[in-house]
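Participant: Any chance you can model this:
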Amino acid sequence: MLTKQEEIKVVIGAGEYNNNPGWLHTQEDELNLLNLTTWDEKFDENSITAILAEHVWEHLTYEEGIAAAQHCYKFLKPSGYIRCAVPDGFFRNDEYQKIVKVGGPGPKDHPAASHKIVHNYKILSAMFESAGYEVRLLEYCDEEGNFHTSEWDGNEGVIFRSKRFDPRNQGETPVFPSLIVDAIKR
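Facilitator: Presented below is the predicted three-dimensional model:
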């Protein structure tokens, strides 16, 4: 069990990236959002300060997303949070939407081939709220496709595919934005 550290911060589905030095980077085979046993083997209840999931939740159905959020809730400290980034269903760009759509753009080995949902801020917020979280929108598009951003601290979890950190998004209009929320345990 990882209980001796003062602050436990976990990246879910880190891939080959290490955008958050000092955080515990995990892969699905070692920490599965839908398998509570993998969590019980590694953590005590109420022991994790922060969980970061960059482009992970779109690989879950809406119901699986709620179950995953509930599993995380058990292990987060009070006021702990999930920083979650997913493709944004309200971003108005046909090529982007073709890439992020359910089932992905092409071959079965394409990372987007396992997309099960395309979130927008309403769907993602409702999902986390139904699991007991308070949701704070960090970056998102509204129904008209207008991009909104709030101040957020990369020290509390870097999302590379964001307005702040992705070089593709440094112009006035993002090219490949993410819908980013903090879901805070009440």
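Participant: quick one: strands adjacent to the strand ranked longest in the chain?
Facilitator: In the chain, with assignment by DSSP state E, the single longest strand is strand 76-87. For strand 76-87, the pairing partners within the sheet under DSSP bridges are strand 48-54 (parallel), strand 178-185 (antiparallel).
Participant: can you list the ones you listed in JSON lines and add distance to E144 and mean pLDDT?
Facilitator: Any C-beta I mention is one placed from the backbone N, CA and C, and that applies to glycine too. Shown next, in JSON lines, are the strands paired with strand 76-87 (distance: least, CB to CB, whole Å; pLDDT from 0 to 100):
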{"stretch": "strand 48-54", "distance to E144": "26", "mean pLDDT": "98"}
{"stretch": "strand 178-185", "distance to E144": "15", "mean pLDDT": "98"}
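Participant: and of the ones you listed, who's closest to F91?
Facilitator: F91 lies closest, by CB to CB, to one member of the strands paired with strand 76-87: strand 178-185, at 8.2 Å.
Participant: thinking again about what came up before, between the strands paired with strand 76-87, which one is closest to D94.
Facilitator: With CB to CB as the measure, strand 178-185 is the member of the strands paired with strand 76-87 nearest D94 (17.6 Å).
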